[in-house]
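Participant: I would like the atomic coordinates for the input below:
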Amino acid sequence: MSWLQKLHETYDACRGNEPEATEKLLPVSHAHQQAHVEITLDMNGNFESARCIGKVETAIPATESSATRSGTKAPPHPLCDKIQYCAGDYVALGGAKKSFFSEYHAQLLAWCQSPFAHPKAKAVLSYIGKKSLIADLVSERVLHIGPDQKLLTQWTIGGNTPEIFKVLTAKAGERDQGDALIRWQVRDPSQPPSEVWLDESLQDSWAEFDASTKEVRGLCMVTGDMQSYLAESHPRRIRHAGDGAKLISANDSSGFTFRGRFTDDTGLQASGVGYEVTQKAHNALRWLIHRQAYRQGDQVIVCWAVGGKPVPDPFASTLDLIDEPGEIESAPQLQLHVDAGQALAQRLKQRLRGYGAQLGATDDVVVMGLDSATPGRMAITYYRELTGSDLLNRVENWHARYAWFQNFSKDKRFVGAPAPHDIAECAYGRRLDERLKKAVVERLLPSIIDGQSLPRDLVNSVVRRASNRVGLDHWEWEKSLGIACGLYRGFCNREDYQMDLEADRHTRDYLYGRLLALAERIESLALYVGGEKRDTTAAKLMQRFADRPASTWRTIELALTPAKSRLRAKRGGSMHELDRLHDEIVALFQGNDFMDDSKLSGEFLLGYHCQRRALMPPKAADSGTSQEPTDE
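Facilitator: Model prediction:
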């Protein structure tokens, strides 16, 4: 029940303090519905006007049963509902479905006769009692009837199709105008606003009346209240308007689910939750998901501070987290002059310090993952409670540990860690199945939030795809290379790999990566001098080089002979420096490492990438292009 408690506390802390740019938290005993028609009344219940508003998400009063209604005997909402419910003349004008006007009228009447009655609800009650709703909407040309004075289900008259037929969902080629949901405006200069869905006094009035109708009392396992009114059903539509999955459900009327354990199918014996608690908790969760969640299909992951304070997005790339593109793009140039890792750490600390100024070190922070295997059931796939300082430290550690020079496109270059969805695409391709992408993101959560090491198979998959240069287009390979280097560097954190070239590192894989970058530089420069455009031998054989470096290097070195001859003739100074660098790298191999033909690890990509950047001038290195400058 911890997640319910935290969400309940979040609701109490944020209700009335929502940022202006975001939607408001849904009141208790309310639900979101798409309204199609807006009717304006005066305080005496007299009709004034009506209009079609398309599809507008509206917070309307709802009962515990109407908020999750389905089927052919659906209970009515108390105020705003479909024409099928609100119109007393629905049957007379040819409504295609059963009318629920009597049930709707009885419920609204009970509210208006209670001590919690509201004048605007009474105005609506007075109007619907006239049973002229459809006739008024027809006169306003919101609804349309045919020559037989019955509601049309298809527009066959010609001309422009009325708006109402555009917004309703077709069923077997027909649209029932009775499915249009009405929201009310009741004009009273002394009681603004006229919109009933924005009137807080009306919202409170309905919530108090709804609470007075509850009968089942018991122990709320969230608050510990022994005399709490318990919820018999729990909200749905958590992730989006069409979401039918529930986090808490016990509606198996056959008794199969709880057979032999409980005496009824309500679920109250298993987990009693107060009605107000579950309303507030689910409303807070819905609000948080809409505001700041990571989404991937049905998968939702949300991170929030219980007190409502801003938190960094754990699933953003470093570029999105720091949110200073101009400063980030200049970062690759730093590697020739200063330590790029240190510069990144300073920017990260500065950014996270801004969050830390608002988020206290001991403030409660929650990370929660949701997913559903079936349309009706949802599960919590990941749940962690942290303090504010823990979250900031772990986010900083993730971005610093897995940072590298990322080159996604000409306009998106930065130093830092990639986002989880970019890692998933790098590991399995851009066309990977949605379920696989969700699984990868879920496996990355412990690495980001708990500080655990990355899964080895995921790192290996990313390294393999980055090595397969000929199988990817240019920018996809550049993106994969940066991600692979970052992940391997963080995975082998004990090796303390640097983001700039380590000329004194003697490991075999790192040195072979440097040799590959040198070979590519020699041939690409020769091609530039000769005015040719084609892939280098090093690029073509990169995958084979990763599997059998010693034997493949002999092939690459022999293919470099024409390129070296051309450079000695036209760029003697450059070729002399490249020959000298080749001798230095080969001399760093220890023992029989140079003759070892076993498969290379991802370390060779680090050596390759660092050596390639060191050989290329700043402009070319930053752009990631194959442009070759002059020798001067």
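Participant: which elements pack onto the lengthiest helix in the chain?
Facilitator: Counting by DSSP state H, the longest helix found in the chain is helix 508-530. Helix 508-530 makes packing contacts with helix 537-540, helix 542-547, helix 549-559, helix 561-570, helix 572-587, helix 603-615 when contacts are defined by 3 or more CB pairs under 8 Å, 6 or more residues apart in numbering; DSSP states H and E. Where you see a C-beta, it was placed from the backbone N, CA and C, and this is true even at glycine.
Participant: the first one packs against which elements?
Facilitator: For helix 537-540, the contact count by 3+ CB pairs under 8 Å, 6+ apart identifies helix 508-530, helix 549-559 as packing neighbours.
Participant: between the helices and strands packed on helix 508-530, which gets nearest to G45?
Facilitator: Shortest separation from G45 across the helices and strands packed on helix 508-530 is recorded for helix 603-615, at 73.9 Å, computed as CB to CB.
Participant: now the closest one: buried residues?
Facilitator: Of all the residues in helix 603-615, those buried under the rule 16 or more other CB atoms under 10 Å are 603-615.
Participant: of those, which is the nearest to K570?
Facilitator: For the buried residues of helix 603-615, the nearest to K570 is L615 (17.9 Å; CB to CB).
Participant: sorry, back to before: which among the buried residues of helix 603-615 gets closest to S65?
Facilitator: Within these, the smallest distance to S65 is 59.0 Å, found for L605 (CB to CB).
Participant: for the closest one, report the pLDDT, please.
Facilitator: Turning to L605, the model gives it a pLDDT of 97.
Participant: repeat for Y275
Facilitator: For Y275, the predicted pLDDT is 89.
Participant: pretty sure it contacts S65?
Facilitator: No - Y275 lies out of contact with S65 (CB atoms under 8 Å); the separation is 11.9 Å.
Participant: between these two, which one's more packed in?
Facilitator: A side-by-side neighbour count of Y275 and S65, using other CB atoms under 10 Å, places Y275 first with 22 against 12.
Participant: skipping its backbone neighbours, what lies nearest the more buried one in space?
Facilitator: For Y275, the nearest residue in space outside its immediate sequence neighbours is A231; the separation is 4.3 Å by CB to CB, 6 or more residues apart in numbering.
Participant: how near is K309 to A614?
Facilitator: Taking CB to CB, to the nearest Å as the measure, K309 falls 44 Å from A614.
Participant: equivalent analysis for E603, please.
Facilitator: In this structure, E603 lies at 17 Å from A614, with CB to CB as the measure.
Participant: show me the contacts for L321.
Facilitator: When the contact criterion is CB atoms under 8 Å, 6 or more residues apart in numbering, the partners of L321 are 312-313, 348, 351, 395, 399, 416.
Participant: typo on my end, it should be P162
Facilitator: Residues 52, 141, 144, 155 are the ones in contact with P162 under the rule CB under 8 Å, 6+ apart.
Participant: and it, how far from V273?
Facilitator: Distance from P162 to V273, counting by CB to CB: 45 Å.
Participant: now swap in S49 and tell me
Facilitator: For S49 relative to V273 (CB to CB), the value is 43 Å.
Participant: would you mind listing where the stretch 51-200 of the chain has pLDDT under the threshold?
Facilitator: Regions of the stretch 51-200 of the chain meeting the criterion pLDDT under 70 cover residues 71-72.
Participant: what segments of it are helices?
Facilitator: Assigned helices in the stretch 51-200 of the chain, in chain order: 83-86, 101-112, 119-128, 133-139, 163-167, 200-212 (criterion: DSSP state H, counting those that start in this stretch).
Participant: name the next helix or strand following the longest one along the chain.
Facilitator: So the one you mean is helix 200-212. Secondary structure here is assigned by DSSP states H and E; on that basis, the next helix or strand after helix 200-212 toward the C-terminus is strand 217-218.
Participant: ok, and what's touching that next one?
Facilitator: 226-230, 268, 272.
Participant: which of those residues are buried?
Facilitator: Neighbour-count burial within these applies to 228-230, 268, 272; the criterion is 16+ other CB under 10 Å.
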